[in-house]
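> Test case, fold it:
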Amino acid sequence: MRADRLVATLLFLQTRGRVTAREVAEELEVSERTARRDLEALAAAGIPVYSQHGRGGGWSLVGGARTDLSGLTAAEIRAMFLVAGPSAVSPELRTALRKLIRALPAPLRSDAEAAAKAAATDGTDWSRLPVTAGTPLLDALQRAVVDGLCVRLGYARPGSPTGIRTVHPLGIVTKAGVPYLVAGTEQGETAARPGAGPGSTGTGLRIFRLDRITSVELTTDPVVRPEGFDLATVWRELAAPMEERMRGATVRGRAEPTAERVLGVLFGGRLRLGGQRGDGWLDMEIDGPSPEVVAAQLAGLGARVEILEPVEAREHLARLAAELTTLYGPL
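Numbers count the residues shown, from 1 in each chain. Modelled structure (predicted):
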């Protein structure tokens, strides 16, 4: 007999006032016999639940008694449904939200329903490609994290064959719509071995990007959790090297004011634009992994931007221009 089912039964009683075993069975998707046994268990536990036989009978809380099991305030309920409502993509979550709305007191129920409809989530980018990993693999990893079980993970980095490794799943972090698994790896692995995501450390903790995971097989081996492990802290430590590499070089130049919006889309927080120069253009600084990478990203803006330094970026842009001229010919 599961405690969560007993809690759900009590919440259902509070909402409806009087219920039959059949109604409880339909609501919780169990047999009528199980529902009756749960109701009897609540009464045996000292909760003021009693049954009345005959026509119009059923199970009720004595004197309409209520038990506040959640302590949720109206603001907390709105916040929860604003987050969970748009994300209710799985049947289990949709069912849970539906049951919770029914269990809420009437004054709070309308707010919860409105909050659940106040936002939406689109899981694709503008090219209609999904930006999150497949649900079956994500579900399996979430179960492994919650149950504390090791998994055999199939993982393929771009340009590399798929490898199988045993990892200790410790948490899942979503960054900019892309989920990552934080996991401990077997002893003896080094940061140089393939399989790491944006970052890795010498402690055996690594990041695995979920859209590169090809298979998940749960084992019966328990997860070894580092002492004092905190997911948010570990994520910041693992992600820091990648963020530093993304700002490993700075390119300086000038840009036409008409290019400001495009530059903002391309580089976001890595772009710094100064005031207008004497020639009417804007001073420009861009951070990136290398001068060559930034130059390649700027190539599409043509003569609307000019790189002034470093020389490596100017030379790379000149090589790109020569290659394009050779391929397509002069105008």
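
> Residue ranges in the stretch 51-200 of the chain under the pLDDT threshold?
For the stretch 51-200 of the chain, the stretches with pLDDT under 70 are 54-56, 63-74, 76-94, 102-108, 119-123, 125, 130-135, 187-200.

> And the strands in it, which stretches?
Secondary structure of the stretch 51-200 of the chain (DSSP state E, counting those that start in this stretch): strands at 58-61, 149-155, 163-175, 178-185.

> Endpoint to endpoint, stretch 208-217 covers what distance?
15 Å (CA to CA, to the nearest Å).

> got the contact list for G57?
Shown in contact with G57 (CB atoms under 8 Å, 6 or more residues apart in numbering): T20, S51. Heads up, the C-betas are built off the backbone N, CA and C, glycines and all.

> hmm, who's touching the longest helix along the chain?
The single longest helix within the chain, with elements called by DSSP state H, is helix 311-328. Residues outside helix 311-328 that contact it (CB under 8 Å, 6+ apart) are V251, P291, E292, V294, A295, A296, L298, A299, I307, L308.

> how about the residues you listed, which pair is most distant?
Pairwise distances across the contacts of helix 311-328 (CB to CB) peak at 17.0 Å, for the pair A296 and L308.

> Let me see the contact set for E186.
Per CB under 8 Å, 6+ apart, neighbours of E186: R165, T166, V167, G204.

> What of V294?
V294 neighbours (CB under 8 Å, 6+ apart): A249, V251, I286, G288, A313.

> Okay, now the unreliable bits of the stretch 201-331 of the chain?
Ranges of the stretch 201-331 of the chain meeting pLDDT under 70: 201-203.

> Which stretches in it count as helices?
Taking DSSP state H, counting those that start in this stretch as the test, the helices found in the stretch 201-331 of the chain are 231-245, 260-267, 291-298, 311-328.

> Kindly indicate the member of the contacts of E186 with the most neighbours.
Counting neighbours by other CB atoms under 10 Å, V167 leads the contacts of E186 with 25 neighbours.

> Isn't that residue up against L153?
Yes. Counting by CB atoms under 8 Å, V167 does reach L153; the two are 5.2 Å apart.

> Can you give the domain ranges for this structure?
3-64, 74-116, 135-243, 249-328 (automatic domain parsing).

> what distance separates the longest one from the centre of its chain?
The gap between where domain 135-243 is centred and where its chain is centred comes out at 14 Å by CA atoms, centre = their mean, to the nearest Å.

> looking at the helices of the stretch 201-331 of the chain, which is buried most?
When you average the neighbours per residue for each of these (mean count of other CB atoms under 10 Å), helix 291-298 leads with a mean of 20.

> got the angle between that helix and helix 260-267?
Following axes from the mean of the first three to the mean of the last three CA atoms, to 10 degrees, one obtains 130 degrees for the angle between helix 291-298 and helix 260-267.

> Let the chain start at 356 from now.
Sure, I'll start numbering at 356, so the last one becomes helix 646-653.

> I'd like the distance from helix 646-653 to the chain centre, please.
The chain centroid and the centroid of helix 646-653 are separated by 30 Å under CA atoms, centre = their mean.

> Over to stretch 370-386?
Distance of stretch 370-386 from its chain centroid, counting by CA atoms, centre = their mean, is 34 Å.

> Now that stretch - C-alpha only, PDB.
Backbone C-alpha positions of stretch 370-386 (Å, rounded to 0.1, in the frame of the first residue of the first chain) are rendered in PDB as follows:
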ATOM      1  CA  THR A 370     -12.300  18.000  -2.400                       C
ATOM      2  CA  ARG A 371     -15.500  16.000  -2.800                       C
ATOM      3  CA  GLY A 372     -16.700  15.800   0.700                       C
ATOM      4  CA  ARG A 373     -18.300  12.400   0.200                       C
ATOM      5  CA  VAL A 374     -17.000   9.700  -2.100                       C
ATOM      6  CA  THR A 375     -17.700   6.100  -2.900                       C
ATOM      7  CA  ALA A 376     -15.100   3.400  -3.200                       C
ATOM      8  CA  ARG A 377     -15.900   3.300  -6.900                       C
ATOM      9  CA  GLU A 378     -15.200   7.000  -7.400                       C
ATOM     10  CA  VAL A 379     -11.900   6.700  -5.600                       C
ATOM     11  CA  ALA A 380     -11.000   3.700  -7.800                       C
ATOM     12  CA  GLU A 381     -11.800   5.600 -11.000                       C
ATOM     13  CA  GLU A 382      -9.900   8.700  -9.800                       C
ATOM     14  CA  LEU A 383      -6.700   6.900  -8.800                       C
ATOM     15  CA  GLU A 384      -7.000   4.200 -11.500                       C
ATOM     16  CA  VAL A 385      -7.000   1.300  -9.000                       C
ATOM     17  CA  SER A 386      -9.400  -1.500  -8.300                       C
END
